[in-house]
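Asker: Pasting the sequence and the predicted coordinates here, then a few questions.
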Amino acid sequence: MATRYAWVLNLDGDLELARGPGYCPTAGVRRALAGLETVCAAQLLADRDMRVDDDTPAGAARGMIGRAFCPTPRALARLARAGAELEPSPPLDVLRKVNARSFAAALGQTMHHARFVSTLADARAHLALDPEIGDAWRIKRSYGMAGRGHRIVSRSPREADIAFLPRWIAEGGAQIEPNVPIDCEYAQHAAIERDGALHAGALTRQEVDRSGAWIASARVRDGEVSEALREAVFEQLQQAAHALRGAGFFGPFGVDAFTWRAKSGEPQIRARSEINARYSMGFAVGMGIARGAGLGGLARPAKSAIPPR
């Protein structure tokens, strides 16, 4: 008989990582994520799987394997109360480390004039620069999800324009980068097993709304993008996997990327804009797995090979 999974679809897991014990989503967060949770459930859950939330009766998931979108303490507590057998997951300190934007920044910035800052003085100094690209600055909080946690401010902003920054710095810092015109957004998903084996999925194109929030994903077909783009994103995926292993992480992850145009009109590739060390929207599409099939049975690509298209 196929394994049954009990899922907690905590798409707000990054907020819990940022705010720590006692975190509880606001009504606004619940409303913002409700539709995405429904789509996520359709992608990841098999017909006999169960979705666990705060209203699930105690013991209702006995005999099932407990799995979370992001295995935070709040998510694991829900699964335990429901009676599910928790699958192995990285410790909280590892999750906090690898999902912070400082982790991706430490691998090297992938855009000119981008910088991760951990003090207000450094933030003000960087915002005073002329980046020469983009029309403004984009500031990202250390932990964010579903297109949330981004602010766009003008070059050399007034203090009133960055009044939010002290709070963001206190949460762990902020990524500051030029705001550039994006042509298309991409993602490549993967999973690291506990023994370090890497399962890489196909490159996907992401449809997003004006705020950058995910709408849909589709596999990139042959001839839709250049081999240079495929190879660049896959190289960043491999680099991310190496760093994640070194930090003690295992499980699902993904790398976001995008293309944009310089003022000259020349197309540019940003092969890594984010690392999401958890499940993410479009994971099942990129990995080419049936609903609820989990990570088993995925073909392992050769270390030097570009994964299937």
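Answerer: The structure has been received and is ready for your questions.

Asker: which stretches of the chain have low pLDDT?
Answerer: Where the chain drops to pLDDT under 70, the residues are 1, 146-147, 290-309.

Asker: and the longest helix for it?
Answerer: Ranked by residue count and defined by DSSP state H, the top helix of the chain is helix 227-246.

Asker: what does the helix or strand hosting V285 contact?
Answerer: For V285, the enclosing helix or strand under DSSP states H and E is helix 283-287. With contacts defined as CB atoms under 8 Å, 6 or more residues apart in numbering, helix 283-287 is touched by 43-44, 187-191, 199, 201-204, 217-219, 252, 254, 291, 298. For glycine as for every other residue, the C-beta is placed from the backbone atoms N, C-alpha and C.

Asker: quick one: H199 from P181, how far?
Answerer: Taking CB to CB, to the nearest Å as the measure, H199 falls 34 Å from P181.

Asker: One more: R48?
Answerer: Going from R48 to P181 by CB to CB gives 45 Å.

Asker: try R210
Answerer: For R210, the distance to P181 - CB to CB - is 13 Å.

Asker: And for A41?
Answerer: 34 Å.

Asker: hang on, the earlier thing: return the list of helices and strands in contact with the longest helix of the chain.
Answerer: Counting contacts by 3 or more CB pairs under 8 Å, 6 or more residues apart in numbering; DSSP states H and E, helix 227-246 packs against helix 101-106, strand 182-192, strand 198-208, strand 251-261, strand 267-276.

Asker: If we go by neighbour counts, what in the shortest one is buried?
Answerer: Within helix 101-106, the residues that qualify as buried are R101, S102, F103, A104, A105, counting by 16 or more other CB atoms under 10 Å.

Asker: ok, now stretch 242-251?
Answerer: Residues of stretch 242-251 classed as buried: A243, L244, F249, F250, G251 (neighbour count, 16+ other CB under 10 Å).

Asker: do the same with stretch 191-207
Answerer: For stretch 191-207, by 16+ other CB under 10 Å, it's A191, I192, L198, H199, A200, G201, A202, L203, T204, R205, Q206.

Asker: Apart from its chain neighbours, what residue comes closest to the last one?
Answerer: It stands for Q206. In space, and not counting its chain neighbours, Q206 is closest to E185: 4.3 Å by CB to CB, 6 or more residues apart in numbering.

Asker: Report the beta-bridge partners for the one you found.
Answerer: Applying DSSP bridges to E185 gives these bridge partners: Q206, F258.

Asker: Enumerate every residue touching it.
Answerer: R205, Q206, V208, D256, A257, F258.

Asker: what's the closest non-adjacent residue to the residue nearest the centre of the chain?
Answerer: Centroid check for the chain by CA atoms, centre = their mean gives N276 as the closest residue, at 2.8 Å. In space, N276 comes closest to G254 once its chain neighbours are excluded; the distance is 4.8 Å by CB to CB, 6+ apart.

Asker: What's the end-to-end length of stretch 243-259?
Answerer: End-to-end distance of stretch 243-259: 24 Å, with CA to CA, to the nearest Å as the criterion.

Asker: Quick one: the strands in this structure, in order.
Answerer: Assigned by DSSP state E, the strands in the chain fall at 5-8, 50-51, 65-68, 85-86, 115-117, 136-141, 150-153, 174-179, 182-192, 198-208, 214-219, 251-261, 267-276.

Asker: Output the ones you listed as JSON lines; include the columns distance to P57.
Answerer: Formatted as JSON lines, those follow (distance: least, CB to CB, whole Å):
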{"stretch": "strand 5-8", "distance to P57": "12"}
{"stretch": "strand 50-51", "distance to P57": "11"}
{"stretch": "strand 65-68", "distance to P57": "15"}
{"stretch": "strand 85-86", "distance to P57": "17"}
{"stretch": "strand 115-117", "distance to P57": "44"}
{"stretch": "strand 136-141", "distance to P57": "36"}
{"stretch": "strand 150-153", "distance to P57": "38"}
{"stretch": "strand 174-179", "distance to P57": "41"}
{"stretch": "strand 182-192", "distance to P57": "31"}
{"stretch": "strand 198-208", "distance to P57": "35"}
{"stretch": "strand 214-219", "distance to P57": "31"}
{"stretch": "strand 251-261", "distance to P57": "28"}
{"stretch": "strand 267-276", "distance to P57": "31"}
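
Asker: Would you mind finding the most buried of those strands?
Answerer: Compared across these, strand 5-8 shows the largest average neighbour count, a mean of 25 (mean count of other CB atoms under 10 Å).

Asker: ok now that one, how far from the chain's centre?
Answerer: Put simply, strand 5-8 sits 19 Å off its chain's centre (CA atoms, centre = their mean, to the nearest Å).

Asker: Give me the residues contacting stretch 131-140.
Answerer: 101, 112-113, 127, 149-155, 157, 162, 165, 168, 174-181, 262-263.
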